[in-house]
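# how would this look folded up:
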Amino acid sequence: MTDTFISLIRMAAAGARGEAVQEEAVNWQELISLANEHGVLPLVAWAVKHSPQLKCSNEIREFLESRISNISMSNIIRRQRIMYLINELQKEGIEVKLLKGYAIAQYYAHPDSREAVDTDLWVNEKQEKQMYDFLQKKAFEVYPRSFTSHHGICQHKKYGKIEVHTRLYDEIVEDVWFSGIKKSEYVLDPFIKIQLDDGEFTTLGHTDQAIFLALHMVKHFIESGLSIRMMLDISLYLQCNYPCIDFERFYDTMERMHYAKLVNCIFSLMIQYGGFPEEIYACYVKPQPHLIELLLRDMYQGGYMGRREMDERHIGSMAYNRMLFTKDNTQIAYVVKMLWWKARCGARRMFPDLHRMKRMYPVLRKLPLLVPFTWLYHSCAFMKDKIMSGILMKEIQGSNGLCNDIANKRIQLFRELDML
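Below is the predicted model:
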């Protein structure tokens, strides 16, 4: 891990709060490369803009200034479109809740500097089909969720990617990783309405939102890795909504799921390097320094959300899943559950609807009699591809342990954080 990565966290946090930053010696080429990789380049740009005393060349300042303009304009246009879309959905009688993204961006000093990869909209499962039908009429490419997933994906060249949620988490996450809490406990607060200059939306209540941001972060940490933006999201949210949050409930949830030490490490990292005041993290318990070092190293080595080691880390997450499940169940019960889970995961891709089949195999539009044979071919080819890819061996693991060093190190990190 390099000092530049620590500088990146400091500068991204300062930019998120709209503050100046003091950095004596910066390797700007490395820092900009890391900022770009971790999706916080606009935040670094704002930190530089607020810090005229920084030793930074005019060329770099001009480059960062241009990034602010380009990304801000793109985000403004996209947010306006999403707010208009939410208004249209409400008029259609579809009650949507905005999760993360624009619901959190408002707490940044410069909201348009928070890049949004996608938009998360939560709907009642009874309105899911209505939602898909509406978006298809708007020329969205719709990919309905699998039977085990918590969201479907809808893609549009102007609106970007929209994830249509019917639950907050995937089935395997809820049933195994988050089994310390009942589903009915996820949402206890009344929903709240937020009014922005370009529209109104409904989102989670304050404590529910804080818990959701924390567990969303935990889920990604287990699957692949953390991101600086996730840590900034929850820290800014807590800082701006501190009096409205039930921290006893928040930490009780984290303790019951065995994620309190991880969350404390993240908060400690934001206090130590992000410059956030300790008092915004009520009930916070300072962790051992070596755990913060391990977490930082995990972030640096894995890159943005673990993308540098995605396959190896996925194996680690599936090993974690097996270890949790077999604490109270046999290996046979685990294998049966996972086979059933995998079958339901792939069912819709193995047996796509007729509309999708005609798009995948255009010949069916002229020769509909070939549909049954094409379906049979497609399902067999899908099963063959899955078996040949080795995904079943990665996700349904034997009792002999892991098969790569990176996954082993991550499991050891999970143990250090009392997650196992």
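# make it CA atoms for all contacts and neighbour counts henceforth
Will do.
# Contacts made by stretch 78-93 with the rest, please.
95-96, 102, 131, 158-160, 198-201 (C-alpha atoms under 8 Å, 6 or more residues apart in numbering).
# give me the number of residues near the closest residue to Thr207 other than its chain neighbours?
Spatial nearest neighbour of Thr207, excluding adjacent residues (C-alpha to C-alpha, 6 or more residues apart in numbering): Ile245 at 4.8 Å. Per other C-alpha atoms under 10 Å, the neighbour tally for Ile245 reads 19.
# on that earlier part again, hmm, which of the contacts of stretch 78-93 are the buried ones?
95-96, 102, 131, 159-160, 199, 201 (16 or more other C-alpha atoms under 10 Å).
# Which members of those are positioned in strands?
The strands, defined by DSSP state E, take in 96, 160, 199, 201 from these.
# how far away is the first one from Gly199?
By that I understand Val96. 14 Å (C-alpha to C-alpha, to the nearest Å).
# What strand or helix carries the closest residue to Gly199 other than its chain neighbours?
Excluding the flanking residues, the one nearest Gly199 by C-alpha to C-alpha, 6+ apart is Met83, at 5.3 Å. Assigned by DSSP states H and E, Met83 belongs to helix 58-91.
# Just give me how far that helix sits from the chain centre.
20 Å (C-alpha atoms, centre = their mean, to the nearest Å).
# just stretch 210-221 next, same as before
That offset, for stretch 210-221, works out to 8 Å (C-alpha atoms, centre = their mean).
# ditto for stretch 365-383
The chain centre lies 35 Å from the centre of stretch 365-383; the measure is C-alpha atoms, centre = their mean.
# Over to stretch 3-11?
22 Å.
# can you give me the helices in the stretch 101-250 of the chain?
102-105, 128-137, 171-172, 206-223, 228-241, 247-257 (DSSP state H, counting those that start in this stretch).
# and of those, who's closest to Phe147?
helix 171-172 (8.8 Å; C-alpha to C-alpha).
# now for the closest one, which elements pack on it?
Contacting helix 171-172 under the criterion 3 or more C-alpha pairs under 8 Å, 6 or more residues apart in numbering; DSSP states H and E is no other helix or strand.
# try 10 Å
helix 331-350 (3 or more C-alpha pairs under 10 Å, 6 or more residues apart in numbering; DSSP states H and E).
# Helix or strand next in line after the least confident helix or strand in the chain by mean pLDDT, which one?
Ranked by mean pLDDT, DSSP states H and E, the weakest helix or strand in the chain is helix 391-395, scoring a mean of 76. Following helix 391-395 in sequence order, the next helix or strand is helix 405-416 (DSSP H and E).
# was I right about Lys97 contacting Leu168?
No - the pair Lys97 and Leu168 fails to qualify as a contact (C-alpha atoms under 10 Å) at a distance of 11.2 Å.
# who touches both of those two?
By C-alpha atoms under 10 Å, 6 or more residues apart in numbering, Lys97 and Leu168 have these common neighbours: Trp122.
# how many neighbours does the closest residue to Tyr251 other than its chain neighbours have?
Spatial nearest neighbour of Tyr251, excluding adjacent residues (C-alpha to C-alpha, 6+ apart): Ala260 at 6.7 Å. Neighbourhood size, Ala260 [other C-alpha under 10 Å]: 22.
# Most distant residue from the centre of the protein?
The outermost residue of the chain, judged against the average C-alpha position, is Leu369 (43.0 Å), by C-alpha atoms, centre = their mean.
# what does the model give it for pLDDT?
For Leu369, the pLDDT comes out at 88.
# Which residue comes closest to Tyr186 once chain neighbours are left out?
Asp208 (6.7 Å).
# So Ser113 sits against Pro42, correct?
Yes - counting by C-alpha under 10 Å, Pro42 is a contact partner of Ser113 at 5.4 Å.
# Between those two, which contacts overlap?
15-16, 67-72.
# Selecting buried members of those residues in PyMOL, what would you type?
The following PyMOL line selects those of these that are buried, judged by 16+ other C-alpha under 10 Å:
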select buried, resi 15+16+67+68+71+72
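# out of the shared contacts of Ser113 and Pro42, which one sits closest to Lys219?
Ala16 (23.3 Å).
# helix, strand or coil for the closest one?
The three-state label given to Ala16 by DSSP: H, G, I helix; E, B strand; the rest coil is helix.
# For it, give me its contacts.
10, 40, 42-44, 46-47, 105, 107-111, 113-114, 229, 232-233, 236, 274.
# now swap in Thr326 and tell me
332-335, 399.
# Next, format those as JSON lines and append neighbour count.
Listed next are those as JSON lines, based on neighbours: other C-alpha atoms under 10 Å:
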{"residue": "Ile332", "neighbour count": "11"}
{"residue": "Ala333", "neighbour count": "12"}
{"residue": "Tyr334", "neighbour count": "20"}
{"residue": "Val335", "neighbour count": "17"}
{"residue": "Ser399", "neighbour count": "11"}
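# And the furthest pair within the residues you listed?
Longest distance between any two of the contacts of Thr326 is 12.4 Å, between Ala333 and Ser399; criterion C-alpha to C-alpha.
# tally of neighbours for the closest residue to Phe178 other than its chain neighbours?
Using C-alpha to C-alpha, 6+ apart and skipping residues adjacent in sequence, the residue nearest Phe178 is Met257, 6.0 Å away. Close neighbours of Met257, defined as other C-alpha under 10 Å, add up to 16.
# hang on, Met257 packs against Met419?
Yes - the pair Met257 / Met419 is scored as a contact, 8.1 Å apart, by C-alpha under 10 Å.
# what is in contact with the two at once?
In contact with both Met257 and Met419: Trp177, using C-alpha under 10 Å, 6+ apart.
# okay, stretch 173-188 in CSV with CA atoms only?
Presented in CSV, the C-alpha positions along stretch 173-188 are these (Å, rounded to 0.1, in the frame of the first residue of the first chain):
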residue,chain,number,x,y,z
VAL,A,173,-27.5,-12.8,1.4
GLU,A,174,-30.7,-12.5,3.4
ASP,A,175,-30.9,-16.2,4.3
VAL,A,176,-27.3,-16.9,5.1
TRP,A,177,-25.1,-13.8,5.4
PHE,A,178,-27.7,-11.6,7.1
SER,A,179,-29.5,-14.3,9.0
GLY,A,180,-29.0,-12.6,12.3
ILE,A,181,-32.0,-10.3,11.6
LYS,A,182,-35.6,-10.9,10.4
LYS,A,183,-36.7,-9.5,7.1
SER,A,184,-39.4,-7.6,8.9
GLU,A,185,-36.8,-5.6,10.8
TYR,A,186,-35.1,-4.1,7.8
VAL,A,187,-37.7,-1.3,7.4
LEU,A,188,-39.3,0.0,10.6
